[in-house]
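> Give me a 3D structure for the following:
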Amino acid sequence: MKQYIPFLKQDPLVPVIRLQGSIGMGARSLSDQSLAPLIERAFGRGKPAAVALVINSPGGSPVQSSLIGARIRRLADEKKVPVHAFVEDIAASGGYWLATAADQIWVDPSSLIGSIGVIYASFGFPDAMQKVGVERRVHTAGKSKSFADPFKPERPEDVERIHAMLAPLHQNFIAQVKAGRGARLKPDADLFNADIWVGQAGVEVGLADGVGHLVPKMKELFGDKVRLVPYGQRRGLLQRFGFAMADSVMATVEERALWARYGL
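Below is the predicted model of the structure:
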C-alpha cells in the first residue's frame, strides 16, 4: 500500500526482466519486437533504483541481440537507471551481447559466459539426389543467387564469401563488448576467439564483475526492503497448453541445437 500514498518515502523498486531462450524472430525466441513493450514498461515504472536482467540464453541472431541491447542501453542512459545483469546457466554469443548492455554483470560460480564469435552452419548433399535418381533444376538471374547451394560441392569462392560476411559481424560483436566492458577487460587475455569461461574465470578476465545472485545482490545494494518486480514474456494460449504449429516445432528443434552446443 505504501507505494500508493503520496509524499511517503517509497521502498527501492527494481524491475526484473527475464531474458530466457534463444535470440531471433521465431515464436519462442527473444526478439526486439516481442520484448520492446516489456522493456519500455520496466524502465517507465516510476523511478526504479535499478533494472535487473536475468539472462539464460545460448545466443542467436546478431541483429536481434544488437537491437535488444541497444534498447536497454538507450533507456538506461535516458532515465539514468543502472542495469545489472545476472547470468543463470549461460550467456553465450548473443546472450553475452545482451549482458554487455548492463552496467554490471554477475554470474553464478557455474555460469557459462563468452563465446564472442560468429558461426555459419549448414549441410551439404552433393551426391544425395544422384543416388535416388532426382534431377535438380535451378535457374537464376544474378551469379550469386545459388550461393552455398547445399546440393552442389562446396566452392572455394563461396567459402571466401562466407568468411567475408562473418568478419564484420565478429568485429561488431567485439566493438560491443569493448564498449560495454571497457577497461575492465583483461588486456592480455585472448577474449574474442569464441572461448567459454566458467563463473569466476569470466570475472578474472573482465567479462563479468563478480559472483552474485539476484536477491542477495539487490538487497546488498539497495537494502532489505527493495521490491523486485518480475517482467517476462507472455505466452500465447496454444503455447500455454502445450500446442505448437509446425514452424514452432522447427524453431524448438533449432533452439535445442543451440543449447546442446554448450551441453545444456
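
> any idea which element Gly202 lies in?
Using DSSP states H and E, Gly202 maps to helix 200-204.

> Average pLDDT for that helix, rounded please.
Taken as a whole, helix 200-204 has a mean pLDDT of 96.

> same question, stretch 59-69
Average pLDDT, stretch 59-69: 94.

> and it, how far out from the chain's middle?
Distance of stretch 59-69 from the chain centroid (C-alpha atoms, centre = their mean, to the nearest Å) equals 6 Å.

> before we move on, back to that, check which element follows the helix holding Gly202 along the chain.
Helix 200-204 is succeeded, C-terminally, by strand 210-211 (DSSP H and E).

> for that next one, packing partners?
In terms of contacts (3 or more C-beta pairs under 8 Å, 6 or more residues apart in numbering; DSSP states H and E), strand 210-211 is packed against strand 104-107, helix 200-204. Quick note: C-beta positions are derived from backbone N, CA and C, even for glycine.

> ok, that strand: who's next to it in the sheet?
Counting by DSSP bridges, the strands paired with strand 210-211 are strand 104-107 (parallel).

> can you list contacts of the strand it pairs with?
For strand 104-107, the external contacting residues (C-beta atoms under 8 Å, 6 or more residues apart in numbering) are 82-87, 91, 99, 113, 199-200, 202-203, 207-213, 217.

> Buried subset of the residues you listed as a PyMOL selection?
To isolate the buried ones among these in PyMOL, judged by 16 or more other C-beta atoms under 10 Å, type:
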select buried, resi 83+84+85+86+87+91+99+113+199+202+203+207+208+209+211+212+217
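
> coming back round to it: using a markdown table, please lay out the helices and strands packed on strand 210-211 together with distance to Pro156.
Converted to a markdown table, the helices and strands packed on strand 210-211 look like this (distance: least, C-beta to C-beta, whole Å):
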| stretch | distance to Pro156 |
| --- | --- |
| strand 104-107 | 40 |
| helix 200-204 | 37 |
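
> Helices of the stretch 1-150 of the chain, start to end?
Listed in chain order, the helices of the stretch 1-150 of the chain (DSSP state H, counting those that start in this stretch) span 32-44, 62-79, 94-99, 128-132.

> ok, and which of those has the densest surroundings?
Mean neighbour count, computed with mean count of other C-beta atoms under 10 Å, is highest for helix 94-99 among those, reaching a mean of 29.

> Point out where the stretch 1-150 of the chain drops to low pLDDT.
Per-residue confidence for the stretch 1-150 of the chain (pLDDT under 70) gives these ranges: 1-9, 120, 122-127, 129, 142, 144-149.

> Name the single longest strand found in this structure.
For the chain, the longest strand by residue count, based on DSSP state E, is strand 83-92.

> Pretty sure Leu191 sits against Gly114.
Yes. If you go by C-beta atoms under 8 Å, Leu191 and Gly114 touch, sitting 7.5 Å apart.

> Common neighbours of the two, please.
Shared contacts of Leu191 and Gly114 (C-beta under 8 Å, 6+ apart): Leu207.

> ok, the two, which is more surrounded?
The neighbour comparison of Leu191 against Gly114 (other C-beta atoms under 10 Å) goes to Gly114, with 25 against 21.
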